[in-house]
Structure formats: C-alpha cells, structure tokens
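[1] kindly return the folded structure for what I paste below:
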Amino acid sequence: MTESNRCSRMGSFWLSCWLILFAPFSIADSKPAAWPTFVEEFIAGYFEQQPTFAAEAGRHEFDGRLPDWSPAGLRRTESWLEAQRLQALAYPDQALTSAQRFERDYLLATVAKELFWRQVARRPFKSPQFYAGALDPNLYISRPYAPLAERMRVFIAYAGNVPRAAAQIRANLELPLPRTYIDIGKTVFGGLAKFYEVEAKAAFAGVADPALQREFAEQVGPAAQALRELVAWLEQQRPTATDAFALGPEKFSRMLADTEAVEIPLPKLEQMGRADLRRNLKALAQACRRFAPRATTAECVAQAEAHKPPAGPVAVATEQLKHLKAFVAERQLLTIPSDDEATVAPSPPYARWNLAYIDIPGPYEHGLPSVYYVAPPDPAWTAAEQAAYLPGQANLLFVSAHEVWPGHFLQFLHAHRAGSKFAQLFGSYAFSEGWAHYSEELVWEAGLNDGDPETHTGQLVNALLRDVRFLAALGLHTQGWSVEQAEQMFREQAFRDPGNARQQAARGTFDPAYLNYTLGKLLIRQLRDDWCAQRGGRAAWREFHDAFLSYGSPPIPLVSKAMLAGRD
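    Numbering: from 1, shown residues only. Got it, this is the predicted structure:
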C-alpha cells in the first residue's frame, strides 16, 4: 500500500498525515520551502487539472485537451485541491511577507470556492452548466494566437475529445433534473453542435490542406453527433423534470462564505438588496419625470427601450466604446494602462443564454484582441419578443460600460499587470462582476452625457436588473420562490420584456451566485467611502480605483482588509 493510500484510510489521523506528506517544511532541516515555488507549482498543477483554463490563459501546450470528468478524474481533482489547501495552511504568517500572506489567503479562497461547487453544491452531478465553460472552443476560432492551420489542428484534437466528454457528462448527471437545467443544457450542447458544423467549418474553410480538412470532417461529425445525442437524452428527461434546484439557506450562506469570503446573515443581505432596489426605483421615477413626464414609469422605460440602435447593436456598441473610453480618460476616473482595444461581435449560438459578455485573452497572451459579444434574440421566440429583447440605445450604453470601459476590459488590463501571476489568473465572481456593475454607476455619477434623462434610464434599468437578480437568487434558493415568481419580478421591478424576464429567472436556478453583481457593487461602494473618507472624498476616487484594481480579482473582503489596514 502506498503512503497516500495509507493516509486515506486512517480516519482520525487524516489531517496530520496529510500535513506530514505535504508540509512545505523539511523534517530534516526545518527550512521553509519558498512560497513563490509553491505558488508556481500550484499553478502548474491547476493547469494539469483544468487544461481548458490553461489554454484560455494562453498556455497553448494545453490546447485541445479537456478535463477528465470521469468519477475517478473528479475525485482526483478534489483530492488535489484538498492537498493544496493543507499545504498552503502550513505556511505560518511569520514565514511570509505581507504580500505573500495576502497571496496565500487569495489562494485558499480560490481553493475553497472550487471545493464548494464540487463537493457541497455538487455541480458536476447536478448542472449541465458546470461543463459549459470548459467545452467552449471559441478561442481556437476567434483568437489569432497562431496561424489558422495550427489552430485548426488543435480544434480537431479538441473535437476528438468531445464524444468521451459527452459520455462522461451524461453518466455524471443525476436524475431527475430541474427543467431549467434541461433547457440550459440543450442550449449549450445544441449550440455547440451547430457551432462545430457551421461557424467552425466556415472559419477553417480557408485552410488549403486536404488532409486537415478530411481530418476535420472525420472528427467534427462524431463530436457534433455526440452532443446532439446528449441533447436528445436531456429532452427525454423532461417528463420527470422537477423544480428542485434550490440550494437552501444553509448552503446559500456557505456559498457566500466559501466563494466570496462574505459572511452576512441572509436577513441583512435581503435588506441590502431591497434598499438598493428602492434607491434605484426612486431614481428611475425622477429620471422619468424629466424624460417622459406624462408616462408611467413602465411606459417611460418602454419609450427609452423603443429607441433601438438604428444600425444594430454591434455597430452602435462599437461607437459607444469610443465615447466611453474618451470619457473615462477625460474625467480621469482611473488609469488606462495601455492602448489595447476591444472589438464587438455577435455571440456564438451556444453562448446566447445571456445578453452580452467579453472574451479577454489570458495573461500569457500578448497583442491579441478582446471581443465584446452581444447576443441576438432567440429565433424560437415570436417576432414581438425578438424585437423587445434587443436593448434600447441607452440600455446598451451601460452594457458597453459594464463589459469594456471602464468595466471588465479595463479591470483586466489592470489585473494582467498585477505583481502576482496568481492574481493575474484567478478571480472572484463578486469582484469582477461587482466592479463591472459598479462602473456603470460610476460613469453616470461622473457626468456621462451631461445628465441626460434618457441616458439615466439606461443606467437604472441595468441597475434594477442586477437588484432583481440579487433578490431572485435569495428567493429562488432560500425562500421557496418558483421560477414564475422570479420572472414576474423581473417584469415588474426590472421592467424586462417577457423573453428577457424568462431567461433571467431561469438563470437564477443554475447560477445562484448571480446576486454577486449587486453584492460586489455594494461592497466596493462601501470600501470606496471608507478608504476615501480621510483622503479627500471624491478627489481620491482615481487613486482608490487604481489601488483596488491592483490586487487582481480576489474576494472583496480580502481587499478591504488590506486597503484599510494602514488607515489608522
């Protein structure tokens, strides 16, 4: 029996045994192993466990590989994470610099997040969405990190791994499934199958290598078929589908603690969300009195939303980015550390379950474009629903602020310059989405479009969407809400059209952490107020923003502790 097997069977001696095996201090000479070496080895090990994460980060020796989602592979990843946690905990404070202590806590928070979703929420066995990110092959199509023929070769390798992955997914998912999970699984896997045979085929059509084209056809056909069969299997589960998606109050609280280092009682959390909802509804009523004084609030929002981008969302968003970047620079809201830009494109079909997102090359890439994707409406919807789904021009302006300037894109320009490679790679949901949502209100507060009331409605409908997500997450997972209750709140309190409301409510069932948009925003605003109070208030905002973003993207309470530590 190996040493590791003995340890796994020793019950009450498990912790001490792991500490002996993995402690970073040599028993012979008691000299601590170098913390930077441990971090490097953690990153290397994580890349082996999650090769698609590595490829996205720009480590292209991992291209084409997929994680091992077999039961043994899932257990191996969990065991590796548990071992990494024990090793990191074995470094005492006195053995580390202050920066290294922060990095240790950041790493431990990352491990806790991973283990929560795998062990407590059991997402590999419950949610098709667990697999969606790793299955995304878009980097091989849209990211020009290598010649097209070379990217075609790794796409072929990726496609060759898909049938095994599809079989593992089907074997892992426990029945019965919630009906919304069936729907998202069909959207993701069905969209990927179509992507292989349409977008990918078109993207690689210019490669003049008959052998490669033949190999592409040989691998992509079975990959698409495997995913279509997975979609068919999911649809077969619909007669037994349930609404049993809720985490429950205990797991929901643990989710916040383990994934965001946030320990706020649920009643207090709900008070925070409802207070922000009331604040934004009041501001919307005031904006509407200026923009459409004879209309109800709902009619006012409808009037603003009816002002559609005349050239379509992609063309208009492209122009909005120029305006937003110039505004951020002019008002000196924070440093723009490079001349990098983001382009705009329609979302690929498998990623159209939400309105917009941005694909940003990882920290190992250099000189590659970021792409801001905007989703067209679902073609299965009625013509009226499709027309309503497209955002109004003012609404889209703040989606563009969220995704690019000064939101995700600018945040990542800072994160990729963090002194820690770990901080460049790993992130917190509440930090990244909280910053992006915070940035929407920031540009409005700073005077975007000189107080124009239609512009203000665009900012506020985005804020209300995130407020309702916050409350819907609590309702769906801790208060017994139905999807229909959440959908009604999106229509009535966030003024969403039926298609968007349906989509947002369903998302809350498989993405309970989507309250992090508003939660992160509120935590950042509180930290800004506390940090700037003795530094000149608003005059210190630029300094605050640059300091905040210098940490990478860790849980916000870790940043708050570090930034406020020297205040007194």
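[2] what is the neighbour count of Pro92?
    10 (other Cβ atoms under 10 Å). All C-beta spots, glycine's among them, are computed from the backbone N, C-alpha and C.
[3] could you list the low-pLDDT ranges of the protein?
    For the chain, the stretches flagged by pLDDT under 70 are 1-33, 349-354, 566-568.
[4] which residue ranges of it form strands?
    For the chain, the strands defined by DSSP state E occupy 342-346, 356-359, 370-374.
[5] and the nearest residue to Phe510 once chain neighbours are set aside, how far is that from Thr180?
    Leaving aside its sequence neighbours, Phe510 sits nearest to Gln129 (Cβ to Cβ, 6 or more residues apart in numbering; 4.8 Å). Noted for Gln129: a distance of 10 Å to Thr180, by Cβ to Cβ, to the nearest Å.
[6] settle it for me: which of the two has more neighbours?
    Comparing Gln129 with Thr180 by other Cβ under 10 Å, the one with more neighbours is Thr180, at 22 against 19.
[7] so what's the more buried one up against?
    245, 483, 506, 509-510 (Cβ atoms under 8 Å, 6 or more residues apart in numbering).
[8] possible to save these as TSV with distance to Ala112 and neighbour count?
    As requested, those are exported to TSV (distance: Cβ to Cβ, whole Å; neighbours: other Cβ atoms under 10 Å):
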residue	distance to Ala112	neighbour count
Phe245	23	20
Val483	29	19
Ala506	28	22
Thr509	23	26
Phe510	21	22
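[9] take those and keep only those in helices.
    483, 506, 509-510 (DSSP state H).
[10] now these in CSV, with distance to Glu299?
    Output for the ones in helices among the contacts of Thr180, formatted as CSV (distance: Cβ to Cβ, whole Å):
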residue, distance to Glu299
Val483, 27
Ala506, 27
Thr509, 31
Phe510, 33
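[11] without its sequence neighbours, what residue ends up closest to Glu403?
    Once flanking residues are discounted, Glu403 sits nearest to Ile358: 4.5 Å by Cβ to Cβ, 6+ apart.
[12] and the strands of the chain, which is most packed in?
    strand 370-374 (a mean of 23; mean count of other Cβ atoms under 10 Å).
[13] buried residues in stretch 478-498?
    Residues of stretch 478-498 classed as buried under the neighbour-count rule (16 or more other Cβ atoms under 10 Å) are 478, 481, 483, 486-487, 489-491, 493-498.
[14] and these, which two are furthest apart?
    Farthest apart among the buried residues of stretch 478-498 by Cβ to Cβ are Thr478 and Asp497. That separation is 27.2 Å.
[15] do I have it right that Leu549 meets Gln411?
    Yes: in this structure Leu549 lies within contact range of Gln411 using Cβ atoms under 8 Å: 5.8 Å.
[16] need the residues touching each of these two.
    The contact sets of Leu549 and Gln411 overlap at Trp435 (Cβ under 8 Å, 6+ apart).
[17] what segments of the stretch 51-200 of the chain are helices?
    Ranges of helices in the stretch 51-200 of the chain, per DSSP state H, counting those that start in this stretch, are 51-57, 71-89, 98-115, 123-126, 132-135, 138-142, 148-172, 179-195.
[18] now the fourth one: how far from the chain's centre is it?
    Taking the mean of its C-alpha atoms, helix 123-126 sits 18 Å from the chain's own mean (Cα atoms, centre = their mean, to the nearest Å).
[19] cool, the first one as well?
    Using Cα atoms, centre = their mean, the distance from the centre of helix 51-57 to the centre of the chain it belongs to is 15 Å.
[20] do the fifth one as well
    For helix 132-135, the distance between its averaged C-alpha position and the chain's averaged C-alpha position is 12 Å (Cα atoms, centre = their mean).
[21] tell me which residues are up against that helix.
    Residues outside helix 132-135 that contact it (Cβ under 8 Å, 6+ apart): 50, 52-53, 66-67, 162, 165, 184, 188-189, 192, 350.
[22] how is this structure divided into domains?
    Split into domains by automatic domain parsing, the chain comes to 3-240, 254-564.
[23] how long is the last one from one end to the other?
    Looking back up the chat, that one is domain 254-564. 25 Å (Cα to Cα, to the nearest Å).
[24] circling back: among the strands of the chain, which is nearest Phe431?
    When the strands of the chain are ranked by proximity to Phe431 (Cβ to Cβ), strand 356-359 comes first, at 15.5 Å.
[25] which strands or helices does that closest one pack on?
    Judged by 3 or more Cβ pairs under 8 Å, 6 or more residues apart in numbering; DSSP states H and E, the packing partners of strand 356-359 are helix 138-142, strand 370-374, helix 393-403.
[26] let's have these in CSV, adding distance to Leu425.
    Formatted as CSV, these follow (distance: least, Cβ to Cβ, whole Å):
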stretch, distance to Leu425
helix 138-142, 15
strand 370-374, 16
helix 393-403, 20
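[27] and among these, the most buried is which?
    Buried most deeply of the helices and strands packed on strand 356-359, by mean count of other Cβ under 10 Å, is helix 393-403, with a mean of 25.
[28] run the chain-centre distance for that one.
    Centre-to-centre, helix 393-403 and its host chain are 18 Å apart (Cα atoms, centre = their mean).
[29] same question for stretch 60-79.
    Chain-centre distance of stretch 60-79: 20 Å, with Cα atoms, centre = their mean.
[30] would you mark the buried spots in that stretch?
    Neighbour-count burial for stretch 60-79 flags 60, 62-69, 74, 77-78 (criterion: 16+ other Cβ under 10 Å).
[31] now do the end-to-end distance for it.
    OK, stretch 60-79 end separation, Cα to Cα: 26 Å.
[32] ok, residues contacting it?
    Taking Cβ under 8 Å, 6+ apart as the rule, stretch 60-79 contacts 47, 49-52, 54-55, 115, 118-119, 124, 131, 134-135, 140, 145-146, 154-158, 160-162, 164-165, 168-169, 171-172.
[33] ditto for stretch 428-441
    Against stretch 428-441 from outside (Cβ under 8 Å, 6+ apart): 109, 113, 259-260, 262, 398, 401-403, 406-408, 410-411, 459, 462-463, 466, 513, 516-525, 548-549, 553-556, 559.
[34] buried subset of these?
    109, 113, 259-260, 262, 398, 401-403, 406-408, 410-411, 459, 462-463, 466, 513, 516-524, 548-549, 553-556, 559.
[35] just those: which are in helices?
    109, 113, 259-260, 398, 401-403, 408, 410-411, 459, 462-463, 466, 516-524, 548-549, 556, 559.
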